[in-house]
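Participant: Output the structure for:
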Amino acid sequence: MRQCNMLKNWGFCFLNKHGNLNRMIIADSFDLFLGQKSSNRLRVPGKCVLKGIIYKGNEALEGKEIHTEEIRYIDRVNRELEQKLQCQPETTSPQHNLYRATTISGSEFFFYSDDHADELYQMIERI
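Facilitator: Have a look, this model is predicted:
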């Protein structure tokens, strides 16, 4: 089984200097991507990072919130790959949709669509 970086209580963060329009474009694109099953990859059309509490397996790493590097792609994870990963919760249901975010440097972070923070699209001053 492959070990992975799992984000829980995740959300997108956008720098104020990139503007609210950047946030709106990415939010609209991500919402459309979630709703349409015809595409398995979203090329993120702007600048954003993911935040969340990172887990390795079922262990929280220090329980601190992290910010990733800039996100380039978000992919749907198929069931075959999901079964090979050691990052899924002990009990998963068909309603859980697993996604993989790939940063500009190639790092991968996994998250479930329904395990997001209350504020999903957050504007911040700096990371």
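Participant: longest helix in this structure, by residue count?
Facilitator: Scanning the chain for the helix with the most residues, using DSSP state H, yields helix 19-35.
Participant: and Glu80, that one's in a helix?
Facilitator: Yes. Membership of Glu80 in a helix is supported by DSSP: H, G, I helix; E, B strand; the rest coil.
Participant: how much space between it and Ser29?
Facilitator: 26 Å (CB to CB, to the nearest Å). C-beta: built from backbone N, CA, C; applies to glycine.
Participant: How about Phe111?
Facilitator: Distance, Phe111 to Ser29, using CB to CB: 16 Å.
Participant: For those two, indicate the residue with more neighbours.
Facilitator: Neighbour count, other CB atoms under 10 Å: between Phe111 and Ser29, Phe111 has more, with 24 against 16.
Participant: got the contact list for that one?
Facilitator: Met6, Leu7, Lys8, Trp10, Leu50, Gly52, Leu98, Tyr99, Ala101 (CB atoms under 8 Å, 6 or more residues apart in numbering).
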